[in-house]
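Visitor: what follows is a predicted structure for the sequence shown.
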Amino acid sequence: MAQRRWLVTGGLGFIGSAFVRLVLRERDDVAVTVLDALTYAGNPANVAEVAGDPRYRFVQGDIADAVRVDEAVGDGVDAIVNFAAETHVDRSILDPEAFIRTDVLGTHVLLEAVRRHGIARYLQVSTDEVYGHVESGVSTEADPVCPRSPYAASKAGGDLQVLAYHTTYETPVLITRGSNTYGPYQYPEKLIPLFVTNLLEGEQVPVYGDGLQVRDWLHVDDHARGIAHVLEHGTPGHVYNLGGGNSRTNIELTRELIRLTGRSFDESVRYVTDRPGHDRRYALDATKARSLGWFPRVDFANGLADTVAWYRAREDWWRPIKSGAFRDYYRRQYALR
Ligand code: TYD
C-alpha cells in the first residue's frame with residue numbers, strides 16, 4: 001500500500017522519467033503523480049514500463065499554470081520533485097523566453113503551491129551550470145552562482161527563488177545540482193545521444209570549437225538515485241552537488257563514442273563554429289552528498305558502452321524523434337555552423 005505520495009514534475013523527460021522508473025521499482029510505499037507539459041522533450045514512451053502500475057498517475061500540464069499544479073497536487077502530496085525545465089543551452093541561445101517561463105516562473109508557481117498546501121518537502125533539480133565555468137578546482141555548494149548562458153541564468157533564477165523561500169517563509173526546500181548526465185532515453189539534442197545516433201546513422205558529429213571543453217559525466221540512474229537520496233535524507237535549505245567524477249574533454253569522449261560505434265575518427269568528426277559564451281569547464285565537489293551516503297555506482301566505461309548498446313537496440317525510440325520536428329531544429333542549429 002502506498003503511504004507516501006510524490007508529485008514529479010517533468011516526469012516524462014530524461015532524468016525525471018529515470019527517477020519515476022527507479023522510485024516505482026525500488027520503493028513499494030510510494031505513489032507517483034507525474035505533471036508534464038509534453039513539450040518536445042517529454043515522451044510517454046519514457047515511462048511505458050511503469051505506466052500500468054496502479055501507483056502511477058499522469059496529469060498533463062505546465063508548471064507555470066497554477067490551476068494544473070493544484071489539480072496534480074489533488075488532495076495532497078508529501079513532496080514535489082521538480083524536474084520540469086527547458087534544459088538545452090543551444091536552444092536558450094536561439095530562444096530564451098521559454099526558459100524564463102518554465103525555469104523561473106514555473107519554479108515560483110510550484111513554491112507557492114508548496115506554501116498553500118503545506119507540502120512537507122520540495123526538491124529543485126538543478127545543474128552545475130549555475131556556477132558558471134570553473135577554470136580550475138571544483139565548485140562547492142558554498143560558491144556563488146555565476147551563470148553565463150540564458151539557460152544557466154534561468155536555472156540560477158529558479159534556485160535563488162527556492163533558497164529565498166526557505167529564508168523568508170521557512171519553506172522546506174532542497175536543491176540538487178547535477179553534472180552532465182547521460183544514459184538511455186536522453187533526447188538526441190545533447191552531446192552523447194546526438195553523437196551516438198549520428199554515428200549509428202553513418203553521419204558526422206559536430207564538435208564545437210577545439211573540442212577541449214571539459215564536462216563531468218554522471219549516469220542517469222546514479223543521478224536519479226542521488227535525487228531520491230537527498231529528498232529522503234537531505235537537510236531543508238541545503239544544496240547538494242551530484243557530480244559523476246568522470247571528467248573528460250569533449251574530444252576524448254567523442255573518440256570513445258566513435259570507437260564504440262565502430263566508426264572512423266577522421267571520417268566522422270566535423271569541427272564547427274563554437275557555441276557563443278561556451279563554458280570551458282564544469283567540475284563539482286560532491287563531498288557533501290557523499291557524506292549523506294550517496295555515491296555514483298555506474299562505472300563510466302561500462303555506462304557509456306551500455307548507453308551506446310541501448311541506442312543501438314532502441315531505434316524505435318529515437319528514429320521517430322529524429323525524423324520529426326527535430327529535423328528543423330537541427331537545420332536551424334547547425335546549418336550555418
Ligand atoms: P550539451 O550536451 O549540450 O550539455 P551542456 O552544454 O549542458 O554541457 O553539451 C556538452 C558539451 O558538448 C558542451 O561542451 C558542448 C559540446 N557539444 C558539441 O561539441 N557539439 C554538439 O553538437 C553539442 C550538442 C554539444
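Guide: Structure received. Numbers count the residues shown, from 1 in each chain.

Visitor: distance check, residue 239 against residue 149.
Guide: According to C-beta to C-beta, to the nearest Å, residue 239 stands 20 Å off from residue 149. All C-beta spots, glycine's among them, are computed from the backbone N, C-alpha and C.

Visitor: between the two, who's got more neighbours?
Guide: Neighbour comparison, residue 239 and residue 149: the larger count goes to residue 239, with 24 against 21 (by other C-beta atoms under 10 Å).

Visitor: for the strand or helix carrying that one, packing partners?
Guide: Element membership for residue 239, per DSSP states H and E: strand 238-242. Judged by 3 or more C-beta pairs under 8 Å, 6 or more residues apart in numbering; DSSP states H and E, strand 238-242 is in contact with strand 173-178, helix 220-233, helix 287-291.

Visitor: and the longest helix anywhere in the chain, anywhere near the ligand?
Guide: Longest helix in the chain by number of residues (criterion: DSSP state H): helix 150-169. No - Helix 150-169 does not reach the ligand (C-beta under 6 Å from any ligand atom); its nearest approach is 7.4 Å.

Visitor: just how off-centre is that helix within its chain?
Guide: The chain centroid and the centroid of helix 150-169 are separated by 17 Å under C-alpha atoms, centre = their mean, to the nearest Å.

Visitor: list the buried residues for that helix?
Guide: Going by neighbour count (16 or more other C-beta atoms under 10 Å), the buried part of helix 150-169 is 150-159, 161-163, 165-166.

Visitor: so what touches it?
Guide: By C-beta atoms under 8 Å, 6 or more residues apart in numbering, the surrounding residues in contact with helix 150-169 are 85-89, 91-93, 96, 99-100, 102-104, 106-108, 111, 114-115, 122, 124, 126-127, 129-130, 132, 145, 147, 171-173, 175, 177, 236-237, 239, 279.

Visitor: kindly report the same for stretch 9-16.
Guide: 8, 17, 19-20, 32, 34-36, 38, 41-44, 46-47, 63, 72, 80-85, 87, 106, 110, 125, 178, 181, 183, 185-187, 220, 223-224, 227.

Visitor: okay, it in PDB with CA atoms only?
Guide: Output of stretch 9-16 as PDB, limited to C-alpha atoms (Å, rounded to 0.1, in the frame of the first residue of the first chain):
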ATOM      1  CA  THR A   9       7.000  17.500 -12.400                       C
ATOM      2  CA  GLY A  10       8.700  16.900 -15.800                       C
ATOM      3  CA  GLY A  11       8.500  13.200 -15.100                       C
ATOM      4  CA  LEU A  12       8.300  12.300 -18.800                       C
ATOM      5  CA  GLY A  13      11.700  13.900 -19.600                       C
ATOM      6  CA  PHE A  14      15.100  12.300 -19.400                       C
ATOM      7  CA  ILE A  15      16.100  12.500 -15.800                       C
ATOM      8  CA  GLY A  16      12.600  12.800 -14.500                       C
END
